[in-house]
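# Next input, structure requested:
(one chain, ligands or ions: 1)
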Amino acid sequence: MKILRTVEELRQWSRTARAAGRSVGLVPTMGALHAGHASLMRAAAAQCAAVAVSVFVNPTQFGPNEDFAQYPRSFDADCALAERTGAEAVFAPPVEEIYPAGASTYVDVEGLSGRLDGASRPGHFRGVATVVTKLMIAAEADRAYFGQKDAAQVAVLRRMVKDLRLATEVVVCPIVREADGLALSSRNVYLSPAERTQALVLNRAVRTVEKLFAAGEREARVLIEAARAVFAAEPAARVDYIELVDWTTLEPVERAAAGSLFAVAAWVGTTRLIDNAVLL
Ligand code: PAF
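Predicted coordinates for the structure are as follows:
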């Protein structure tokens, strides 16, 4: 496993691979890798000849009162998992490599960045778009892999790649869940055993809406009310948002259609969790 620490090392690794006729995949992560990340790395390894995983806890996507300092870090285990899933390199730069002293250039995807998670986490998507742009420019990858769990992030990054005409294709992989339905997240480690059980309410709400949609219900108001009723039965969870939106614009829709995004965010204790489904 190659450990790359500088943008120049990542760029050279990528150029060497491409010069040898190998396609390059990038899996951007903040580390604390779990089976959800493993699925991204496996998809990348299946589609690209050379895969790099970035492990960088990006300070600019955390708000002042968020968990940047406590965010789980497990670098050795991350490298071992990356190696097992077929990655060739781990890019783990120090903060000043991504944000050199005096750095003042940011990427802001206007409109989209203020919706869903962007509404409750001001500045979050500006940080995400900025770091992913920097990673894409440095890695010169053919494809970059993201999980559908962060569905609003996916919409922001698709728009950003389109607007900036970046040469990297965004590939989205399905949500990976525990056997009982909890969507995998690096933040699940914050949950106490009781909260871990309470957190299942997110998936119950998502499944309820999926079932109603499959049964023919299309009224957004009815679908959202049904999800609210599921949350009402689990008062330990505090809803942040429950929304039915167009997955491209993140604008609310009045009627659900195939491809609409149903997304929820809720606090369980001090942990904010998200889940979603693309209605089919
Ligand atoms: O999804 C994440 O883990 C992060 O938002 C990302 C895309 C790696 C940017 O820091």
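
# could you check whether stretch 15-32 is close to the ligand?
Yes. Using Cβ under 6 Å from any ligand atom, stretch 15-32 reaches the ligand at 28-30. Yep, even glycine has a C-beta here, placed from its N, CA and C like the rest.

# Quick one: mean pLDDT over that stretch.
Stretch 15-32 carries an average pLDDT of 98.

# Stretch 201-218 now?
Computed over stretch 201-218, the mean pLDDT rounds to 98.

# Over to stretch 55-63?
The average pLDDT for stretch 55-63 rounds to 98.

# And it, how far out from the chain middle?
Centroid separation for stretch 55-63 versus its chain: 12 Å, with Cα atoms, centre = their mean, to the nearest Å.

# Which residues does that stretch contact?
With contacts defined as Cβ atoms under 8 Å, 6 or more residues apart in numbering, stretch 55-63 is touched by 28-31, 33, 68, 71, 73, 75, 78, 90-93, 95, 98-99, 106, 121-128, 130-131, 135.

# That stretch near the ligand anywhere?
Yes. Judged by Cβ under 6 Å from any ligand atom, stretch 55-63 comes into contact with the ligand through 58, 61.

# Output that stretch as CSV, nothing but the C-alphas.
Output of stretch 55-63 as CSV, limited to C-alpha atoms (Å, rounded to 0.1, in the frame of the first residue of the first chain):
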residue,chain,number,x,y,z
VAL,A,55,-8.4,9.8,4.1
PHE,A,56,-8.8,13.4,5.2
VAL,A,57,-11.0,14.7,7.9
ASN,A,58,-11.9,18.0,6.2
PRO,A,59,-12.1,20.8,8.7
THR,A,60,-14.1,23.2,6.4
GLN,A,61,-17.1,21.0,6.2
PHE,A,62,-17.6,21.0,10.0
GLY,A,63,-19.5,23.9,11.8
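
# which non-adjacent residue is nearest G123?
Of all residues not flanking G123 in the chain, G63 sits nearest, at 6.4 Å (Cβ to Cβ, 6 or more residues apart in numbering).

# Number of residues surrounding the one you found?
The burial count assigned to G63 is 13, neighbours taken as other Cβ atoms under 10 Å.
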